[in-house]
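# Predicted model and sequence below, questions to follow.
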Amino acid sequence: MNQNLPTKAKSLFDGKINPSLKLSVIVPAKNESAFIIQTLDALRFQLNDLGVAINSDLYEILVLANNCSDDTFNICKAYQQNHPRFNLHIERILLNKESAHIGTARRLLMDAAYRRLTNVAGEKGIIVSTDADSEVAPDWIYHILKEISHGADVVGGRILPKDTPSISRRHHLRDVTYRFLKSQLESAIDPCESNPWPRHFQCYGPSLAVTCEMYEKAGRLPIIPYLEDEEFRKALKRVDAKIRHSPHVRIYTSGRLDGRVKFGFSVQLKHWSDMSLRSEEEQVESLETLIFKFEFKNNLRKIWNDGKSLINANQSLVQLSKWADINHTSLINLITTSIYFESLWEKVEQYLHEGLHHSIHYQSINLAINSLRMHFHQTRKIAFIFFFFFFYIK
């Protein structure tokens, strides 16, 4: 997965480092002459929660123009000359055919940011990834810094398309609605102290912040042609990184269908367009399946967090295995081969799906959304009745 990087890698972005640097924003750019100025403008005008410009010495921008056949690099150099106080660093590189993909470009940038940050900020330096066709919100950096200061290792930003094609919009909105409701259900059944509700569900390349410490601990970004950000997110989960899906960290990205990678948001939009033309519906996990999995995960987490030896925890695991209707020995084997809880849960989830567990069901996304909405409606109704009974009838 992690092939050799180009020999030039260690010499990229070796210029002067501001001693006050806390955060380095990386921007891979391939033929982005149509978007790059808007991207840089949004990064240059960063404010705090009071609308006051944040200290520009705290962050820098690293742009890597890779394998460009347009004026992306020259546009960036002109921007740098026009705004000399803006901490913008630009490099260009021509990657060979085998490594000319987003995984290599983003890895080169993140490694460069890591080297620069650890020289001045140490392991608490913050590497932030974005894309050259995206515009960050005015308070994007402020809220990333705030979330990290509150204990997050990773901050995923809310990614909002600016111009979703009409033929894809219906499927996109349904997908977002389902994922939000799913996240809300999870937060109610298996709450996470470091990622409380309200939250969202995204942690991808256009808006992904990670501390230098966690970047190294997770094994760094994998060098693969596409979905490198998704694989990195999984790697972060496997080492129990504290991932915060902050609703305050927002970014606006293009809704173009002609993407720069074999699989990404543009490809997903194209897939939804094709589904619309064929009148197809996305299939997702049902409400009952989600409740089963979140309850299972929460009960398993409690046993894991108790810190008991397997011998002392065995009775609890027997009860959990019986409740979940899975083989007790198989569950023990999964636990004994896991160092981190989220790594364990990934194996358990894979076991459930590969074993075609009877609690795993799929249904159309419309039915699933309706079931989730009804569930929350009933939950609120029950909570109101309890409140009324306790305070007025008692």
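Great, that's in hand.
# What strands flank the top strand by length along the chain, and is each parallel or antiparallel?
Counting by DSSP state E, the longest strand found in the chain is strand 243-253. According to DSSP bridges, strand 243-253 forms sheet pairs with strand 134-136 (antiparallel), strand 154-161 (parallel).
# Dump the ones you listed to JSON lines, plus distance to residue 318, mean neighbour count and mean pLDDT.
To be clear about C-beta, it is placed using only N, CA and C from the backbone, and glycine gets the same treatment. As requested, those are exported to JSON lines (distance: least, Cβ to Cβ, whole Å; neighbours: other Cβ atoms under 10 Å; pLDDT from 0 to 100):
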{"stretch": "strand 134-136", "distance to residue 318": "50", "mean neighbour count": "24", "mean pLDDT": "97"}
{"stretch": "strand 154-161", "distance to residue 318": "35", "mean neighbour count": "24", "mean pLDDT": "96"}
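# so can I have a markdown table of the ones you listed showing distance to residue 30?
Output for the strands paired with strand 243-253, formatted as a markdown table (distance: least, Cβ to Cβ, whole Å):
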| stretch | distance to residue 30 |
| --- | --- |
| strand 134-136 | 14 |
| strand 154-161 | 19 |
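# Quick one: closest of the ones you listed to residue 34.
Between residue 34 and these, the shortest gap by Cβ to Cβ is with strand 134-136, which sits at 12.6 Å.
# Residues in contact with the closest one: which ones?
35, 38-39, 41-43, 46, 130, 157, 159, 162, 206-207, 250-254 (Cβ atoms under 8 Å, 6 or more residues apart in numbering).
# ranges for the strands of the stretch 51-200 of the chain?
Counting by DSSP state E, counting those that start in this stretch, the stretch 51-200 of the chain has strands at residues 59-66, 88-93, 126-129, 134-136, 154-161.
# Any chance of a markdown table for those strands, columns distance to residue 305?
Below are the strands of the stretch 51-200 of the chain laid out as a markdown table (distance: least, Cβ to Cβ, whole Å):
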| stretch | distance to residue 305 |
| --- | --- |
| strand 59-66 | 36 |
| strand 88-93 | 43 |
| strand 126-129 | 28 |
| strand 134-136 | 36 |
| strand 154-161 | 20 |
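# so how many other residues sit close to residue 326?
19 (other Cβ atoms under 10 Å).
# and it, which of the three is it?
What DSSP: H, G, I helix; E, B strand; the rest coil gives for residue 326 is coil.
# which residues sit in contact with it?
Contacts of residue 326 (Cβ under 8 Å, 6+ apart): 351-352, 355, 357.
# same question, residue 38
Residue 38 is in contact with residue 135, counting by Cβ under 8 Å, 6+ apart.
# buried sites along the helix or strand containing it?
Secondary structure assignment for residue 38, by DSSP states H and E: helix 36-44. In terms of neighbour count (16 or more other Cβ atoms under 10 Å), helix 36-44 has its buried residues at 36, 38-40, 42-44.
# what ranges do the helices span in the stretch 151-300 of the chain?
Per DSSP state H, counting those that start in this stretch, the stretch 151-300 of the chain carries helices over the ranges 166-189, 212-217, 228-238, 265-278, 287-306.
# Distance to residue 73, mean neighbour count and mean pLDDT added to these, as JSON lines?
Converted to JSON lines, the helices of the stretch 151-300 of the chain look like this (distance: least, Cβ to Cβ, whole Å; neighbours: other Cβ under 10 Å; pLDDT from 0 to 100):
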{"stretch": "helix 166-189", "distance to residue 73": "32", "mean neighbour count": "17", "mean pLDDT": "92"}
{"stretch": "helix 212-217", "distance to residue 73": "26", "mean neighbour count": "19", "mean pLDDT": "98"}
{"stretch": "helix 228-238", "distance to residue 73": "22", "mean neighbour count": "21", "mean pLDDT": "97"}
{"stretch": "helix 265-278", "distance to residue 73": "23", "mean neighbour count": "16", "mean pLDDT": "72"}
{"stretch": "helix 287-306", "distance to residue 73": "47", "mean neighbour count": "17", "mean pLDDT": "96"}
